[in-house]
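[1] I'd like to go over a predicted model; first the sequence, then the structure.
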Number of protein chains: 2
Amino acid sequence: MSHPPARPTRRADAEQNVAKILDAAVACLSRDAGASVSDIARAAGVGRVTLYGHFPSREALVEAALTRALAEGEAVLGNLDLTGDPRDALEALITSSWLLVAQWTAVLEAAQEALPSGRVQELHAKPAQRVDDLIRRGQAEGAFRADLPAEWLTSVLHHVIHGAAIDVAKGRLDGADAARFIAKTILAAYAEPGS
Amino acid sequence: MSHPPARPTRRADAEQNVAKILDAAVACLSRDAGASVSDIARAAGVGRVTLYGHFPSREALVEAALTRALAEGEAVLGNLDLTGDPRDALEALITSSWLLVAQWTAVLEAAQEALPSGRVQELHAKPAQRVDDLIRRGQAEGAFRADLPAEWLTSVLHHVIHGAAIDVAKGRLDGADAARFIAKTILAAYAEPGS
DNA sequence: CACAACTCGAACACTACTGTTCAACTTACG
DNA sequence: CGTAAGTTGAACAGTAGTGTTCGAGTTGTG
């Protein structure tokens, strides 16, 4: 409780180190969800003790990394205009953010097994809601099929994006193609069956 | 090297224990890819030492479990007639095997991080090939879209099935709905865009 | 029945991780 | 420039896993 939040103002280099650590954490956890604190500290170019000076536990670090990744995502996706045709909106959302979302998912999964169950859902609720809203609106307007529940369509989107991220990471898919492939696939999967 | 394969015939109860262990391994690894040897031994109702008597290392155990899961899958999917309309064939393949495949994927992932890289692909090549063949045939016959590479379509199938398995495990999806949802989604995603 | 095959728990060495303490060092900042 | 804030590696305790050894007990099989 009295680790970093005790002092109202931290020294500039300390603040910078916190940022470096969070960068490294996102990078490491994206690559390997089980990355150790030592790995992250090394990647951040910082001593392990320094890291523990800023984050009292691995759990706190992972949560901070997730929170930061989500905040970054909010910054990008919050400005998107998703009010037009649901198909166009979804395509825009995918093309402009798939890599970001893929990185979310990786850190999200790291958090999944490092944080108490339910905590992740809690933090992730807002961004997930936006996608869900778009899909439901699309269903209501007849742009997306309504013979499958919105929860399932949301889930398919997440898993296809996540899968694409894995494929890119393993060299099975060109990163430049990914957004286009995902969009084409999802829009087809979401289309009204009798069209 | 001289663990079980030295004696040409093992005692009946030993053979039975090996089976119990493999059952437990598949069950445990499906639930948690990082399950420990102790966990698996306990689930099999067998001492840890006994387990090591049959499998020299965790790696060997995981590989045996994967091999066995794949063999089971072969037994089911090998008898399927996939020569008709590719759409029907794919739907049949999904409905009759999605749960099985979902279990594969879980063990597959466990193996992914317990076996040397590449070994998994090697063991998994044959069953993967069957799906790939079906998709390519569908594309050649105009039943499936050809504007996306077969590798991608295959990948989408795997990830949607895997995602559905996760959803079912987490209670977000009713297992009874899964096969139908997957089939509807995949067939739509695979359809020629201009249809 | 006799014996080899098998099982089992306890204990061991080893590795890898988390989290803490300490004492010395460097550096931002008033 | 002085000092408090921050950093650092080494060393430590604690936990959890893997894989091995041992010695005693159990049980299938010829």
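    Yes, it's here. Being a predicted model, the structure only gives us computed values, none of them experimental.
[2] what about the residue lying closest to A:Glu192 once chain neighbours are set aside, which SS state?
    The shortest distance from A:Glu192 to any non-neighbouring residue, by C-beta to C-beta, 6 or more residues apart in numbering or on different chains, is to A:Arg145 (4.9 Å). Every residue, glycine included, has its C-beta placed from N, CA and C. What DSSP: H, G, I helix; E, B strand; the rest coil gives for A:Arg145 is coil.
[3] Check A:Arg87 too.
    Following three-state DSSP, A:Arg87 is assigned to helix.
[4] Spell out which parts of chain A neighbour chain B.
    Within chain A, the positions near chain B by C-beta under 8 Å from any C-beta of the partner chain are A:145, A:147-148, A:151-152, A:155-156, A:158-160, A:162-164, A:166-167, A:172-173, A:181, A:184-186, A:188-191, A:193.
[5] Quick one, which of the residues you listed are buried?
    The neighbour-count criterion (16 or more other C-beta atoms under 10 Å in any protein chain shown) marks A:145, A:148, A:152, A:155-156, A:158-160, A:162-164, A:166-167, A:173, A:181, A:184-186, A:188-191 among these as buried.
[6] mind checking how far the closest residue to A:Ala146 other than its chain neighbours is from DNA strand D?
    Excluding the flanking residues, the one nearest A:Ala146 by C-beta to C-beta, 6+ apart is A:Gln139, at 4.7 Å. According to C-beta to the nearest atom of the strand, to the nearest Å, A:Gln139 and DNA strand D sit 44 Å apart.
[7] Go ahead and report the secondary structure state at A:Gln139.
    Classification of A:Gln139 using three-state DSSP returns helix.
[8] Could you give the number of residues near it?
    20 (other C-beta atoms under 10 Å in any protein chain shown).
[9] Quick check: the gap between it and A:Trp152.
    Distance, A:Gln139 to A:Trp152, using C-beta to C-beta, to the nearest Å: 11 Å.
[10] For stretch A:105-120, buried residues please.
    For stretch A:105-120, the neighbour count (16+ other C-beta under 10 Å) marks A:105-108, A:110-112, A:114-115, A:120 as buried.
[11] What is the nearest of those residues to chain B?
    Nearest to chain B among these, counting by C-beta to the nearest C-beta, is A:Gln112 at 10.2 Å.
[12] Would you confirm that A:His124 contacts A:Thr67?
    No - using C-beta atoms under 8 Å, A:His124 makes no contact with A:Thr67, being 10.1 Å away.
[13] Look at the two and report which has more neighbours.
    Each of A:His124 and A:Thr67 has its neighbours counted (other C-beta under 10 Å); A:His124 has more, 18 against 14.
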